[in-house]
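**Student:** Just to be clear, the model below is a prediction. Sequence and coordinates:
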Amino acid sequence: MANLLLIESPGKSKKLSQILGSGWIVKASMGHVRELANDGEDALGFDLLDQRIECRYEPRDARGKQVLSDLRQAVKQADAVYIATDPDREGETIGWHLQQALKLKNPRRVVYSEITSQAVQSAIAHPRVLDQSLIAAGRARDCLDKLVGYKGSKHVVWRLNIGAKSMGRVQSATLHLLCTREREIQAFKPQDYWSVWVEYQEGFKAFYRAKVKTKAAAVSDTPDDAKEDKETQESDRVTSQAEADRLVAIARTHPHQVTTVEGKVAQQAPPPPFITSSLQQAAGAKLRFSPDKTMKVAQALYEAGHITYMRTDSVTLAAPFCAAVRQYLEQHDPTNVPKTTTRHRAVKGAQEAHEAIRPTDVQRLPSQLQASAEETKLYELIWNRAVASQCCSARLRKTRVVTTSGALQWEAKGQVVEFPGYTRYWNNLSADTQLPVLQPGQSLTLKQAAADKKQTQPPPRYTEPKLVQLMERKGIGRPSTYAPTIKTLKDRTYVQVEKGKLQPTPLGMALDEALATLLPELIQPEFTAQMEAALDTIAQGKQDWQAYLTDWHRTYFAPALAKAGQLLQANGSPEVKVGGTPAIAATQSKSQATVTKTTCPKCGEAMHKVPSQSKKLKANHFLKCVATGCGTVMFWNPKGKQYELPYAQRSPDPEAFTELPCPVCGALLERYRYTKEGKEKEMLRCSLLENRRGKCKEVAFFAGHDGFWSPKFGTLKLDLVK
């Protein structure tokens, strides 16, 4: 019999099989195989008892059932089972689910952060037991996220009737950051100002200073990986045209001379190697990759054995790799070898479970990589950054010159790289501006004096890399959650990408404004960061996860939901004032509602016509029942020329059902007709609404010449679709 190695991704199977050789079976769980069931109160799948939580797990979907069935057969053929899920909290939790679902008595947990022969063989030789503290933190996160997401969505978000689908612990706090910035932009009032400057025949430009600082700005040792825009020099702001003209006139009529020449040599330390957040920031700024795309490309590089694990917050590099980089530099760049190995400080709050992101072999140059163009570009970033982190500091000569004309002072700054150091591999310096050799008291010849009219700009919207940087700084989420959180906000149409920047949609702004009134603490970054810190404490074995979650629900979340419900309850209709406008998100106004002849299909009372500005509606209003405890809404269908209930509340049309099962959950597929680009079209989809919003959302068969086809599940023949 053989040894069985259980991993997450099938993409690693071939590489691992080659490393382990005969006598080993490598099987993939395809990620998560189990999840909390959708049963019980609010479909949470767990019960909150006194200081205790009873969870009910089930296979994630039809594929999960099949995977577990296949793995059970593999377990029967194995002498020993090794669990090699990913080396993080989520991977540990998946390993625990595999142990439980497969009823493994003594599985051997092995952890490696790179898929190389040495790392894998070493891990196999030194197995451990599953870490119960990490598992507790993983289970706590699953329960906490579902508790906030399901209860918050059902009892708050859905009752708003604004078209919002969900809220979430990390999702809503991140949306709040974007909406807060958007409100700052909307409230911004631009002001004119002038930048006054002089240019000398000696070959440099200087800017007006109302008061010259006595010391030059320090060299930054923390490069901004999300930086995209180049800094431009300008003078101290002059707020009127008359004052700008006066300064220019003085500059033109008074002689100029040098009063101060300052020069100093500064060292700029190399940046640390990539962690998840800085990789996403750099790939976004330099390659225009979204965080989600960055992680997918990095996953492919990891599975191919080219880089170490890409979900990490540690800037530590293994000693053998540091030695290998040192050897590489000694051979190819000997002047860039530091006296001692460079160490980098970890980000505050980092767990540092394993290494930074780096190449598995520094001798594998980017030009030698056999991979796709996108993988090669990302690998080049990772290789350059890892090597740069072990190089010498850059040596800069910074110069500052102050000149005078009459009572006015002008300042010019320059910088020259005397020794490039790490910047040969990772250049994060601003462009050189070399000043001529000048002496104090030296007379200067004015070439030009002028004032450029400018206007103050609102704070910029965040790019995806900048948002990741902000999430990290605020403590919102962890490395594994940055990319999926941003993707969810886009998928829910709470934000849109406009000219490369994330802009909240009216729906996103409305939802955030409502949550700011109904659940104000939950959307604050500091509040979410406290929850992340609690999960970290659980992962360290310092706190019981069940006690934490039950206490959190009892002392905060349940009362907060109850209070939100009271605010929403006013006569059965939302009556929360948000930003001075009656009704949440300005989508409803009870005072403007009028009674109609249409009766409520649920209670028989007359429906009220409510004005709405929502772009999602086919009309400028909707109908709402204001009877106590009802709250039914109906929307106008211009095709059928009638009001209809939301999809979730409509009775299924038996004529729409086919005899074909959904490839994911097994429910029958249904026909769905829609209009696109003015043409009537038809598709097949899962008939269960709750699954269409979740695990079956990718089940979509489109009508074609030869039948119905799906980019994921293939083609269905027409004769099978009855």
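**Tutor:** Good, I have the coordinates.

**Student:** just the strands in the stretch 101-250 of the chain please.
**Tutor:** All strands of the stretch 101-250 of the chain, identified by DSSP state E, counting those that start in this stretch, fall at 108-109, 192-200, 204-209.

**Student:** With Gln370 as the reference, name the closest of those.
**Tutor:** strand 108-109 (32.5 Å; C-beta to C-beta). C-beta: built from backbone N, CA, C; applies to glycine.

**Student:** Go ahead and confirm Asn620 touches Phe635.
**Tutor:** No - in this structure, Asn620 is not within contact of Phe635 by C-beta atoms under 8 Å, at 11.6 Å.

**Student:** if we can go back for a sec, of the strands of the stretch 101-250 of the chain, give the one that comes closest to His306.
**Tutor:** strand 108-109 (24.7 Å).

**Student:** who's in contact with the closest one?
**Tutor:** Residues outside strand 108-109 that contact it (C-beta atoms under 8 Å, 6 or more residues apart in numbering): 80-83, 92, 95, 127-131.

**Student:** returning to what we had before: okay, Asn620 and Phe635: which has more neighbours?
**Tutor:** Phe635 (20 against 10; other C-beta atoms under 10 Å).

**Student:** Which residues belonging to the lengthiest helix in the chain are considered buried?
**Tutor:** The helix spanning the most residues in the chain, taking DSSP state H as the definition, is helix 169-187. Buried residues in helix 169-187, counted by 16 or more other C-beta atoms under 10 Å: 169-179, 181-182.

**Student:** For that helix, list the C-alpha coordinates in CSV.
**Tutor:** Provided in CSV are the C-alpha atoms of helix 169-187 (Å, rounded to 0.1, in the frame of the first residue of the first chain):
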residue,chain,number,x,y,z
ARG,A,169,-17.9,42.1,8.2
VAL,A,170,-14.9,43.0,6.0
GLN,A,171,-16.9,43.9,2.9
SER,A,172,-18.9,46.7,4.5
ALA,A,173,-16.0,48.2,6.4
THR,A,174,-14.1,48.4,3.0
LEU,A,175,-17.1,49.9,1.3
HIS,A,176,-17.2,52.5,4.0
LEU,A,177,-13.6,53.6,3.3
LEU,A,178,-14.5,54.1,-0.4
CYS,A,179,-17.8,56.0,0.4
THR,A,180,-16.1,58.2,2.9
ARG,A,181,-13.6,59.3,0.3
GLU,A,182,-16.4,59.8,-2.2
ARG,A,183,-18.2,62.1,0.2
GLU,A,184,-15.0,64.1,0.7
ILE,A,185,-14.7,64.4,-3.1
GLN,A,186,-18.4,65.5,-3.4
ALA,A,187,-18.0,68.1,-0.6
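
**Student:** next one: that helix to chain centre, how far?
**Tutor:** Centroid separation for helix 169-187 versus its chain: 14 Å, with C-alpha atoms, centre = their mean, to the nearest Å.

**Student:** for the record, mean pLDDT for that helix?
**Tutor:** On average, the pLDDT along helix 169-187 is 95.

**Student:** Closest to Val26 out of the contacts of strand 108-109?
**Tutor:** Tyr82 (9.7 Å).

**Student:** Name the SS class of that closest one, please.
**Tutor:** Under DSSP: H, G, I helix; E, B strand; the rest coil, Tyr82 falls in the strand class.

**Student:** Could I get the contacting residues of it?
**Tutor:** 3-6, 107-110, 124, 127.

**Student:** mind listing the strands in the stretch 601-722 of the chain by residue range?
**Tutor:** 606-611, 621-624, 633-637, 642-644, 657-661, 668-676, 679-686, 700-704, 707-710, 714-717.

**Student:** Show me the one of these that comes nearest Tyr556.
**Tutor:** strand 633-637 (30.2 Å).

**Student:** what lines up beside that closest one in the sheet?
**Tutor:** strand 621-624 (antiparallel), strand 642-644 (antiparallel) (DSSP bridges).

**Student:** so what's His97 up against?
**Tutor:** 32-34, 57.

**Student:** if you set the cut-off to 6 Å instead, what comes out?
**Tutor:** 33-34 (C-beta atoms under 6 Å, 6 or more residues apart in numbering).

**Student:** Likewise for Ala298?
**Tutor:** Met310.

**Student:** for the longest helix of the chain, packing partners?
**Tutor:** helix 482-491, strand 501-504, helix 506-518 (3 or more C-beta pairs under 6 Å, 6 or more residues apart in numbering; DSSP states H and E).

**Student:** what residues are up against Glu182?
**Tutor:** Contacts of Glu182 (C-beta under 6 Å, 6+ apart): Pro504.
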